[in-house]
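K.L.:
sequence plus the predicted model coming up.
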Amino acid sequence: MIEPALTQTYELVHRAKDGDREALDRLFDRYYEPVLRAVRASIGSKLRARLESVDVVQVALMKAFQGFERFELRSEGGFRHWVATVAECTVRDLGEHHSRKMRTTDREVGLETPSNGDSDDSRAIEIEDEAVARPDLQASISEEHQQLERALDQLSEPMRELVILREFHELSWAEVAERTGRASADAARVAFSKAEAKLALVMDRMRSSSSDDGL
């Protein structure tokens, strides 16, 4: 059974493709902030600077909405995970292009988005640069959230993935198990508990270090 929230997203995407500006604004209101926070948590400190220099999340959201019909409707968390994955691929591509540009001065490198968001739908969602009104969330990321990002950077990749899938993408335990190759939802829950405990230890050390520096 499709979740009501995802059914509403489906309807909003179709309205946006028919030129409904309000529907497009509502889509961005629903997804921009959670996707931004999830992507920032996933990509590491080096790529965060690239994320802040170009609105990759907006580009990726448009790409994902355009390819919505190719998404297998299962859950709201699953769709958020898919959108965030498109955004992560986009910012990683941007980082790779930036590195190549630094090495090769005779080539101009532009932003390319991954092909997994392409759509066969002839109706395109078209907006101007300023068409979607949204807050400057990059500038308003709290110190607490930035500290969480730095703590996540110190986890192993498997542990970080567990935390992001469950806490940021809000996937069910069954979905977490499927995406991390675990045998069951219970196995995913146990692995997540270990990752959560490790994250808590890292954050405690960071707070203790900050307190010592302030003395």
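P.N.:
Received, thanks.

K.L.:
what's the first helix or strand after the host helix or strand of residue 46?
P.N.:
Applying DSSP states H and E as the criterion places residue 46 in helix 45-53. Moving toward the C-terminus from helix 45-53, the next helix or strand (DSSP H and E) is helix 56-66.

K.L.:
got the contact list for residue 179?
P.N.:
81, 161, 165, 171 (Cβ atoms under 8 Å, 6 or more residues apart in numbering). Where C-beta positions appear, they are placed from N, C-alpha and C, glycine not excepted.

K.L.:
most neighbours, which of the residues you listed?
P.N.:
residue 165 (26 neighbours; other Cβ atoms under 10 Å).

K.L.:
returning to that earlier point: for the helix holding residue 46, give the mean pLDDT please.
P.N.:
When pLDDT is averaged along helix 45-53, the result is 68.

K.L.:
again with stretch 86-93
P.N.:
pLDDT averaged over stretch 86-93 gives 79.

K.L.:
all further residue positions should be reported with the first residue as 875.
P.N.:
Sure, I'll start numbering at 875, so the last one becomes stretch 960-967.

K.L.:
which of the residues in that stretch are buried?
P.N.:
960-967 (16 or more other Cβ atoms under 10 Å).

K.L.:
just the CA atoms of stretch 1045-1065, as CSV, please.
P.N.:
Extracted as CSV, the C-alpha positions of stretch 1045-1065 are listed here (Å, rounded to 0.1, in the frame of the first residue of the first chain):
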residue,chain,number,x,y,z
LEU,A,1045,13.6,4.5,6.2
SER,A,1046,11.9,1.5,7.8
TRP,A,1047,14.1,-1.2,9.4
ALA,A,1048,13.2,-3.5,6.5
GLU,A,1049,14.4,-0.9,4.0
VAL,A,1050,17.6,-0.2,6.0
ALA,A,1051,18.3,-4.0,6.0
GLU,A,1052,17.7,-4.2,2.2
ARG,A,1053,20.0,-1.3,1.4
THR,A,1054,22.8,-2.4,3.7
GLY,A,1055,22.7,-6.1,2.8
ARG,A,1056,21.5,-7.3,6.2
ALA,A,1057,19.5,-10.4,6.6
SER,A,1058,16.6,-8.9,8.5
ALA,A,1059,15.1,-5.8,10.0
ASP,A,1060,16.2,-7.0,13.4
ALA,A,1061,19.8,-7.3,12.1
ALA,A,1062,19.6,-3.7,10.8
ARG,A,1063,18.3,-2.5,14.2
VAL,A,1064,21.1,-4.2,16.1
ALA,A,1065,23.7,-2.7,13.7
